[in-house]
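Asks: The following block contains a protein sequence and its predicted model.
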Amino acid sequence: MIVKLAPIEIFSLMINFLLGSAIVVGWNFETKQDVWITILLSLGLGMGIFYFYIMLHSIGKWGNLIQIFELGFGRWISKLLGFIYCLYFLYIAGRVLKDFSFFVAQVLFNNIPFGIISFTLLLVVSYGCFLGIEATARSSLILCAFTGVFILILMIFGYLSPYFELSHLTPIFRTSWKQALSSVFPTGLTFPYGELIVFTMLFPYANDKKALRKYGFISLCITGVLLLLAGEMILGLLNSETVNMYVYPFVKALELTSVFEFLPHIETFAVILNLIGGFIKISIFMSSGIMILAHLFPKTKPNRQIMAAAILVFLFAFTLSKNIIQHLFIGLKIVPLYLHIPLQLIIPFILVICLLIKKYIVKSL
């Protein structure tokens, strides 16, 4: 079956993917009132990463990541790297699943085991993978509208809350450039923008490659603006001295808001945002891992590939971290440095160099 994705569908996938868990759990307020600087720096570098991946595809004849590996490194090295990236995508899917499980268990259902929450969401994601990436993309297009409306409503009432103080946003420019850059690299760079490496499995399916650049740029801008506005809202409600005390500062900030006193628990909308973002993000990582499995093991039935991927995601979610503290430490300190940087930046950069060298050699002959 030939898969075709409209640019607007990839746009919606990128919006939901980039916001994903970032809008709820992906905050780093080490720079305090200057958090807007780190958000804008991360956005600028994220745009560079996006156009780097687009350049990779244009040089690689718009094949998917594994096909480009074959062009640059040859058949056997591409198989090895394909296996590594398959495990990487499924591992990150497991981490997002664990993020979602911790969040729901702490915010909504304290007495429900993580396994039941994760299994339920993973079952829905697996069914989406069975239907195919086109079904996920169409679902994302609808869910993207809900995401935008919910975020705007939450931030409007957050800024209008009587607990919001403009004085909490000042003074600015108190952070040194060294500290700002340390908060951007590697964590702010690799999450969420560096994770766009997974879209190297989806970009070839775009039916309009030229429009892909425009829609990708717009989705990055929208994501950056929403994260910036949400970050300033959180600071205005919680202040810079207490914001780092909370695992989910976005939810804690929303607890200080209400809609005309008749909807006091507006923070429950954050759960819906996390559910939408978690579903799309896990689906994209898992679908990309399954695509690689299909490339590596073409004779295996698709159902078995989906089942194998789901089992690996579930195991990754529950075997590599025992509690929220360990989970966050691994996700913020170890994964960005030892997984994200090599697989998101170093290997793709080496691949581009090899492709350019081969292209130059062919032209010179």
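Replies: That came through fine.

Asks: Surely Ile133 is in contact with Phe285?
Replies: No: taking contacts as CB atoms under 8 Å, Ile133 lies outside contact range of Phe285: 11.7 Å. All C-beta spots, glycine's among them, are computed from the backbone N, C-alpha and C.

Asks: Run through the neighbouring helices and strands of the longest helix along the chain.
Replies: The helix that spans the most residues within the chain, counting by DSSP state H, is helix 75-107. Contact partners of helix 75-107 among helices and strands, from 3 or more CB pairs under 8 Å, 6 or more residues apart in numbering; DSSP states H and E: helix 22-25, helix 65-73, helix 114-131, helix 268-296, helix 302-319, helix 324-329.

Asks: State the mean pLDDT of it.
Replies: Per-region confidence: helix 75-107 scores 92 on mean pLDDT.

Asks: angle of it against helix 268-296?
Replies: Per axes from the mean of the first three to the mean of the last three CA atoms, to 10 degrees, the angle that helix 75-107 makes with helix 268-296 is 160 degrees.

Asks: And helix 75-107, what's buried?
Replies: For helix 75-107, the neighbour count (16 or more other CB atoms under 10 Å) marks 78-79, 81-82, 85-86, 88-105, 107 as buried.

Asks: what's stretch 36-55 in contact with?
Replies: Contacting residues not belonging to stretch 36-55 are listed as 28, 31, 172, 175, 180-181, 183-184, 188-189, 192-194, 196-197, 199-200, 203, 212-213, 216-217, 220-221, 223-224, 227-228, 231-232, 344-345, 348-349, 352 [CB atoms under 8 Å, 6 or more residues apart in numbering].

Asks: These in helices, which ones?
Replies: 180-181, 183, 189, 212-213, 216-217, 220-221, 223-224, 227-228, 231-232, 348-349, 352.

Asks: Of those residues, select the buried ones using a PyMOL command.
Replies: Remark: buried members of those, expressed as a PyMOL selection using 16+ other CB under 10 Å:
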select buried, resi 180+183+189+212+216+220+223+224+227+231+232+348+352
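
Asks: Mind giving me the packing neighbours of the worst-scoring helix or strand of the chain on mean pLDDT?
Replies: Among the helices and strands of the chain, helix 22-25 carries the lowest confidence by mean pLDDT, DSSP states H and E, at a mean of 80. If you count contacts as 3+ CB pairs under 8 Å, 6+ apart, helix 22-25 packs onto helix 75-107, helix 209-238, helix 249-254, helix 268-296.

Asks: out of the ones you listed, nearest to Leu18?
Replies: The minimum distance between Leu18 and the helices and strands packed on helix 22-25 falls on helix 209-238, with 4.2 Å, by CB to CB.

Asks: tell me the mean pLDDT over that closest one?
Replies: In this model, helix 209-238 has a mean pLDDT of 92.

Asks: Against which helices or strands is it packed?
Replies: Applying 3+ CB pairs under 8 Å, 6+ apart, we find helix 209-238 packed against helix 7-19, helix 22-25, helix 35-59, helix 133-159, helix 249-254.

Asks: quick revisit: the least confident helix or strand of the chain: how far from the chain's middle?
Replies: Its chain's C-alpha centre and that of helix 22-25 lie 10 Å apart, by CA atoms, centre = their mean, to the nearest Å.

Asks: neighbouring contacts of that helix?
Replies: With CB under 8 Å, 6+ apart as the criterion, helix 22-25 contacts 99, 103, 151, 191-192, 226-227, 230, 247-248, 250-251, 270, 273-274, 277.

Asks: wait, doesn't Leu320 sit right on Phe329?
Replies: No: in this structure, Leu320 is not within contact of Phe329 by CB under 8 Å, at 11.5 Å.

Asks: out of those two, which sits in the more crowded spot?
Replies: Leu320 (16 against 13; other CB atoms under 10 Å).

Asks: so who does the more buried one touch?
Replies: Counting by CB under 8 Å, 6+ apart, Leu320 touches Tyr91, Gly94, Ile330.

Asks: could I get these as CSV with distance to Ile68?
Replies: CSV is the format used below for those (distance: CB to CB, whole Å):
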residue, distance to Ile68
Tyr91, 21
Gly94, 25
Ile330, 29
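
Asks: And those, which is closest to Ser58?
Replies: Tyr91 (28.5 Å).

Asks: related to what we said a few turns ago, indicate which one of the helices and strands packed on helix 22-25 is closest to Asn64.
Replies: Closest of those to Asn64 is helix 268-296, at 6.9 Å (criterion: CB to CB).

Asks: What does Phe297 show for phi and psi?
Replies: Phe297 has phi and psi values of phi -130, psi 70 when expressed as degrees, to the nearest 10.

Asks: so how far is Thr120 from the nearest residue in space to it that is not next to it in sequence?
Replies: Nearest non-adjacent residue to Phe297, counting by CB to CB, 6 or more residues apart in numbering: Gln305, 7.2 Å away. Relative to Thr120, Gln305 is positioned 22 Å away (CB to CB, to the nearest Å).

Asks: related to what we said a few turns ago, specify which residue of Ile133 and Phe285 has the higher count of neighbours.
Replies: Phe285 (27 against 23).

Asks: That one and Leu235, how far apart?
Replies: For Phe285, the distance to Leu235 equals 30 Å [CB to CB].

Asks: Could you do Leu332 as well?
Replies: 20 Å.

Asks: re the thing from before, do you know which of the helices and strands packed on helix 75-107 lies nearest Thr257?
Replies: Ranking the helices and strands packed on helix 75-107 by proximity to Thr257 (CB to CB) places helix 268-296 first, at 10.3 Å.
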